[in-house]
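**Student:** Next one to model:
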Amino acid sequence: MVGMSGGVDSSVAACLLQEQGYEVIGVTMQIWQDEDRTAAEENGGCCGLLAVEDARRVAGILGIPYYVMNFKSVFQEKVIDYFVDSYVCGQTPNPCIACNRYVKWEALLRRSLEIGADYIATGHYARVERLPNGRTAIRNSVTAAKDQTYALYNLTQDQLRRTLMPVGDYTKEEIRAIAKKRGLLVAEKPDSQEICFVPDDDYAGFIERNASVPLHGGNFVTRDGTILGPHKGIVHYTVGQRKGLGLSMGHPVFVTEIRPETGEVVIGEAEDVYTDTVLCGKINFMAVSGFEEGKSYLGKIRYGHRGEHCFVRRLGEDLLECRFERPVRAVTPGQALVLYDGEYVAGGGTILPGRKTEQTDPQDR
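**Tutor:** Numbers count the residues shown, from 1 in each chain. Predicted coordinates for the structure are as follows:
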């Protein structure tokens, strides 16, 4: 069962698996909210109605069965509600990670198994490999420019054993060339860049429209609580942010902390957004069953982070302390800390706000 988004990567994934001898079924997950035709034409990402039309055409060219499956309710709960609640709680979530774990894998895999499929497959730029220690892990794709392993760290061993990712062995240019050679109409289709359910990139506006509690403004403050001026509301800000603050300080200043309990946004200097210590919870082990103390891992604190070497110490059943050899910038609660052992994802977790380990991840709500 190949999850087909209507883009070139998932289309070529279906094509490659068919050529490898698999019996392939295409499926597009219906997870968008209701759209009219005008909105569909404007929002042509992986969740729009046009994705269904493109995926159906590709399936017709390949001669494979194609279905649309409704996952609206699980997407609403596990992705949209989680996204909104995280911002309201002062965190900055990665909805793609939640979507991968709970929608594209957990829900789609369950449905696929129910109808007799042995595997699910996607067009992610990553590789799945069985390791000598018996575990299954995500390995970096052959192209660092498109590598998507960071957003896949949270998959379980059972999910990985039933996953195929054929695109990870190719560069983007090679994938487009394959699509063109096979006559797939999406060969030159551009990649979707924005979060699919916020196509205008106005996160704060989306959150304000969908939050279950009233949202209010608050104050910019220094670390010691000195008030610098009012702000529009914590959902408008994230750690490390410099632009759009509306503060006249005479020099660049940055968001260093968000305090949801008081509605305060803490402002500091450039050096204040660096730290060498990161705490995370909701740990998922992948290439290993536990992190080895004293061993150096490559840690990434956001999707575009190149990574820095670090050492890990377990502080509790579901709490890790990660110390980086060099300070990292703008560690953001709600994002993922993903640890690599060479080319393989060792595991990772959700970054916690400072040492306030009593705060819970909105995903648990």
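**Student:** next SSE after the helix or strand of the chain with the lowest mean pLDDT?
**Tutor:** The helix or strand of the chain with the lowest confidence, counting by mean pLDDT, DSSP states H and E, is helix 37-42 at a mean of 46. Downstream of helix 37-42, the first helix or strand assigned by DSSP states H and E is helix 49-62.
**Student:** Just give me how far that next one sits from the chain centre.
**Tutor:** 25 Å (Cα atoms, centre = their mean, to the nearest Å).
**Student:** That helix: which residues count as buried?
**Tutor:** Residues of helix 49-62 classed as buried: Leu49, Leu50, Ala51, Val52, Asp54, Ala55, Arg56, Arg57, Val58, Ala59, Ile61, Leu62 (neighbour count, 16 or more other Cβ atoms under 10 Å). Backbone N, C-alpha and C define where each C-beta goes, glycine included.
**Student:** ok, of those, which one's closest to Glu308?
**Tutor:** Ala51 (36.3 Å; Cβ to Cβ).
**Student:** so that closest one makes contact with Ser5?
**Tutor:** Yes - between Ala51 and Ser5 there is a contact at 5.6 Å, judged by Cβ atoms under 8 Å.
**Student:** Give the residues shared as contacts by these two.
**Tutor:** Thr28 (Cβ atoms under 8 Å, 6 or more residues apart in numbering).
**Student:** What mean pLDDT does stretch 309-320 get?
**Tutor:** For stretch 309-320, the mean per-residue pLDDT is 95.
**Student:** tell me which residues of it are tucked away?
**Tutor:** In terms of neighbour count (16+ other Cβ under 10 Å), stretch 309-320 has its buried residues at Cys310, Phe311, Val312, Leu319, Leu320.
**Student:** ditto for stretch 65-74
**Tutor:** Neighbour-count burial for stretch 65-74 flags Tyr66, Met69, Phe71, Val74 (criterion: 16+ other Cβ under 10 Å).
**Student:** And the helix or strand hosting Leu16, how far out from the chain middle?
**Tutor:** Applying DSSP H and E as the criterion places Leu16 in helix 8-19. In this view, helix 8-19 has its centroid 22 Å away from the chain centroid, taken as Cα atoms, centre = their mean.
**Student:** following it, which helix or strand comes up?
**Tutor:** strand 26-30.
**Student:** just checking, what packs against that next one?
**Tutor:** Helices and strands touching strand 26-30, by 3 or more Cβ pairs under 8 Å, 6 or more residues apart in numbering; DSSP states H and E, are strand 2-3, helix 49-62, strand 66-70, helix 108-114.
**Student:** 10 Å instead, please
**Tutor:** When contacts are defined as 3 or more Cβ pairs under 10 Å, 6 or more residues apart in numbering; DSSP states H and E, strand 26-30 packs onto strand 2-3, helix 8-19, helix 49-62, strand 66-70, helix 72-75, helix 108-114.
**Student:** a markdown table please, covering these and showing mean pLDDT and distance to Leu184.
**Tutor:** As requested, the helices and strands packed on strand 26-30 are exported to a markdown table (pLDDT from 0 to 100; distance: least, Cβ to Cβ, whole Å):
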| stretch | mean pLDDT | distance to Leu184 |
| --- | --- | --- |
| strand 2-3 | 97 | 13 |
| helix 8-19 | 98 | 5 |
| helix 49-62 | 92 | 6 |
| strand 66-70 | 94 | 14 |
| helix 72-75 | 94 | 26 |
| helix 108-114 | 94 | 22 |
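**Student:** Tell me where the stretch 151-300 of the chain is predicted with low confidence.
**Tutor:** 193 (pLDDT under 70).
**Student:** where exactly do the helices run in it?
**Tutor:** With helices called from DSSP state H, counting those that start in this stretch, the stretch 151-300 of the chain shows them at 157-161, 172-181, 203-210.
**Student:** Out of those helices, which is closest to Gly123?
**Tutor:** Closest to Gly123 of these is helix 172-181 (Cβ to Cβ; 8.2 Å).
**Student:** What are the contacting residues of that closest one?
**Tutor:** By Cβ atoms under 10 Å, 6 or more residues apart in numbering, the surrounding residues in contact with helix 172-181 are 7-9, 11-13, 15-16, 19, 58, 123, 125, 141-143, 145-146, 166-167, 169-171, 184-189, 191.
**Student:** what about 7 Å?
**Tutor:** Contacts to helix 172-181, defined as Cβ atoms under 7 Å, 6 or more residues apart in numbering, come from residues Val8, Asp9, Ser11, Val12, Cys15, Thr143, Lys146, Val167, Val186, Ala187, Glu188.
**Student:** Of these, which count as buried by neighbour count?
**Tutor:** Val8, Asp9, Ser11, Val12, Cys15, Thr143, Lys146, Val167, Val186, Ala187.
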